[in-house]
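[1] just need the structure, nothing else, for what follows:
(one chain, ligands or ions: 1)
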Amino acid sequence: MRLAGKAAVVTGGASGIGKATAWLFAKEGAKVVVADIADEKGQQTVEEIRSSGGEATFIHSDVTKMADVKSMVEKTTESFGKLDILFNNAGMPSGTLVVDLEEEEWDRVANLNLKSIYMCSKHAISAMISSGGGSIINMSSIGGLVSGKYIGGTAFCASKAGVLNLTRSLAVHYGHQGIRVNCICPGHIVTPMTQILWKDPATAKKIAAKYPLRRMGKPQEVAQTVLFLASDEASYITGAIIPVDGGYTCI
Ligand SMILES: NC(=O)c1ccc[n+]([C@@H]2O[C@H](COP(=O)([O-])OP(=O)(O)OC[C@H]3O[C@@H](n4cnc5c(N)ncnc54)[C@H](O)[C@@H]3O)[C@@H](O)[C@H]2O)c1
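    Numbers count the residues shown, from 1 in each chain. Model (predicted):
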């Protein structure tokens, strides 16, 4: 029970890495808000958590909308009395390169992958200050550190790179108020988002070959890292950028 008594929000918690993390947080004793735009999958995630003995609730929240984000944090603090942990996980892929990239796609990708983290953090940090501190974990990607085939296009890599220094900036300015902010950079993880890659055996093989560990990752392997950063075991870690990438960025 590494998160006993903690209140946590997981954005994009209805699927993939977010779902695995919401489930693990609840297993470790946290009260979890699954925040997502996918209502049916979000409710289903909550039902699965409850049926395995955990505490969870679904809040419909489009994290690209300031009003939704504000209300998500307000509802969390009303329900659970506080907010201790925020996993800024919601995001989207985009493989388009700059010459073909329309302004509308740039805005959509940057709004979800980067601006949403500013908005969620803005409201969450205010709530965390009121209750004496907290832990924020931001989702970047190996695409925030490097670029290449099968990683993502211009807007994806730029937005995920922005998350790195947004993380450091928040860590520097709110550390003295007991708020830790860290960032993870996963490699290719087997989730619904990447099925176009792993469902094709030839592509999956090519991707796996780029990794020292010779395979893609599992959502649970990312969730375990997020759990560590969320917990008091990481009490002296802030502003860290942690690859969860099977060694991809070592090469
Ligand atoms: N899967 C990977 O290989 C991989 C690698 C590196 C980083 N990531 C990042 O991890 C995060 C989760 O990815 P995943 O693979 O679990 O994807 P996923 O598609 O399984 O889950 C993403 C979730 O985000 C939700 N979402 C989308 N737009 C939203 C919005 N506006 N507001 C709230 N929720 C929204 C979706 O409904 C979905 O439930 C993303 O930020 C992604 O960029 C994934």
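[2] quick check: which element contains the residue nearest to Glu233 when sequence neighbours are not counted?
    The shortest distance from Glu233 to any non-neighbouring residue, by Cβ to Cβ, 6 or more residues apart in numbering, is to Arg2 (6.9 Å). In this view, the C-beta of every residue, glycine as well, is placed from N, C-alpha and C. Arg2 belongs to no helix or strand when assigned by DSSP states H and E.
[3] does the ligand sit close to stretch 8-24?
    Yes. Using Cβ under 6 Å from any ligand atom, stretch 8-24 comes into contact with the ligand via Thr11, Gly12, Ala14, Ser15, Gly16, Ile17, Gly18.
[4] now render those as TSV, adding pLDDT, neighbour count and secondary structure.
    Converted to TSV, the residues of stretch 8-24 next to the ligand look like this (pLDDT from 0 to 100; neighbours: other Cβ atoms under 10 Å; DSSP: H, G, I helix; E, B strand; the rest coil):
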residue	pLDDT	neighbour count	secondary structure
Thr11	99	28	strand
Gly12	99	29	coil
Ala14	98	25	coil
Ser15	98	20	coil
Gly16	98	19	helix
Ile17	99	28	helix
Gly18	99	28	helix
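[5] out of the residues you listed, who's nearest Thr203?
    Gly16 (18.3 Å; Cβ to Cβ).
[6] could you measure from Trp23 over to Glu78?
    Distance, Trp23 to Glu78, by Cβ to Cβ, to the nearest Å: 24 Å.
[7] distance of Gln44 relative to Ile207?
    The value you get for Gln44 to Ile207, if Cβ to Cβ is used, is 29 Å.
[8] where does the closest residue to Arg50 other than its chain neighbours land in three-state SS?
    Among residues not flanking Arg50 along the chain, Ala56 sits closest, at 6.2 Å (Cβ to Cβ, 6+ apart). Of the three states, Ala56 takes strand under DSSP: H, G, I helix; E, B strand; the rest coil.
[9] which regions of the stretch 101-250 of the chain sit below the pLDDT cut-off?
    For the stretch 101-250 of the chain, applying pLDDT under 70 flags no range at all.
[10] show me what the top strand by length along the chain packs onto, helices and strands only.
    In the chain, with assignment by DSSP state E, the single longest strand is strand 179-186. With contacts taken as 3 or more Cβ pairs under 8 Å, 6 or more residues apart in numbering; DSSP states H and E, strand 179-186 sits against helix 116-130, strand 134-139, helix 154-174, helix 219-230, strand 241-244.
[11] using CSV, lay out the ones you listed together with mean neighbour count and distance to the ligand.
    As requested, those are exported to CSV (neighbours: other Cβ atoms under 10 Å; distance: least, Cβ to the nearest ligand atom, whole Å):
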stretch, mean neighbour count, distance to the ligand
helix 116-130, 20, 7
strand 134-139, 26, 4
helix 154-174, 20, 7
helix 219-230, 21, 6
strand 241-244, 19, 8
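[12] didn't Lys160 look like it was pressed against Gly143?
    Yes. At 4.7 Å, Lys160 counts as touching Gly143 under the criterion of Cβ atoms under 8 Å.
[13] joint contacts of the two?
    Gly152 (Cβ atoms under 8 Å, 6 or more residues apart in numbering).
[14] what's the local residue count around the residue nearest to Glu233?
    16 (other Cβ atoms under 10 Å).
[15] for it, give me its contacts.
    Arg2 touches Glu28, Gly29, Leu227, Ser231, Asp232, Glu233, counting by Cβ under 8 Å, 6+ apart.
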